[in-house]
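In: whatever this is, show me its structure:
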Amino acid sequence: MTPELLVLTLAVLLQAAQFVLYSALAQKQVGTDYAASPRDEGRDLTGTAGRAQRALNNHFESLALFTPAVLVITLTDKTGTVTAACAWVYLVARALYVPAYLLGWVPWRSLIWGVGFLATMALLLAALI
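Out: Next comes the predicted model:
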């Protein structure tokens, strides 16, 4: 397995951990009965639960860009030290993004997001070189 594919796998596991965290915080806020219901009436999450939900959604969006970048790098056999480093930078940024969002670290949350985004774009550019 290439380092980039390893990081992709770890990023998906991070997303799963975020989902568990979000689910626990959301259920705590809305209650077990609502969480188990068909949720015909929506509820807006607030506070930490709302931030966990938004951080999770952001990770879905981020993976939608990172996954094809890793696949292109891997399938074109353009993996190397730089692309591996970019992948690891992405993962570290995503891991830091969770507490940054949950704890409201301004402006650090946006800067951390930007680092992960730039690492993903660097992977895509590396595929073109």
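
In: centre-most residue in this structure?
Out: The central residue of the chain, meaning the one whose C-alpha is nearest the mean C-alpha position (Cα atoms, centre = their mean), is His59 at 2.8 Å.

In: quick one: what helix or strand has it in it?
Out: Taking DSSP states H and E as the criterion, the element that holds His59 is helix 47-75.

In: and that helix, how far out from the chain middle?
Out: Computed by Cα atoms, centre = their mean, to the nearest Å, the separation of helix 47-75 from the middle of its chain amounts to 4 Å.

In: ditto for stretch 40-52
Out: Average the C-alpha atoms of stretch 40-52, do the same for its chain, and the two points are 19 Å apart (Cα atoms, centre = their mean).

In: buried stuff in that stretch?
Out: Neighbour counts using 16 or more other Cβ atoms under 10 Å place 45, 48-49, 51-52 of stretch 40-52 among the buried residues. Using the backbone N, CA and C atoms, a C-beta is placed for each residue, glycine as well.

In: what number of residues lie near the closest residue to Ala93 other than its chain neighbours?
Out: If the residues on either side of it in the chain are set aside, Ala93 comes closest to Gly116, at 3.4 Å by Cβ to Cβ, 6 or more residues apart in numbering. The burial metric for Gly116, expressed as a neighbour count using other Cβ atoms under 10 Å, is 25.
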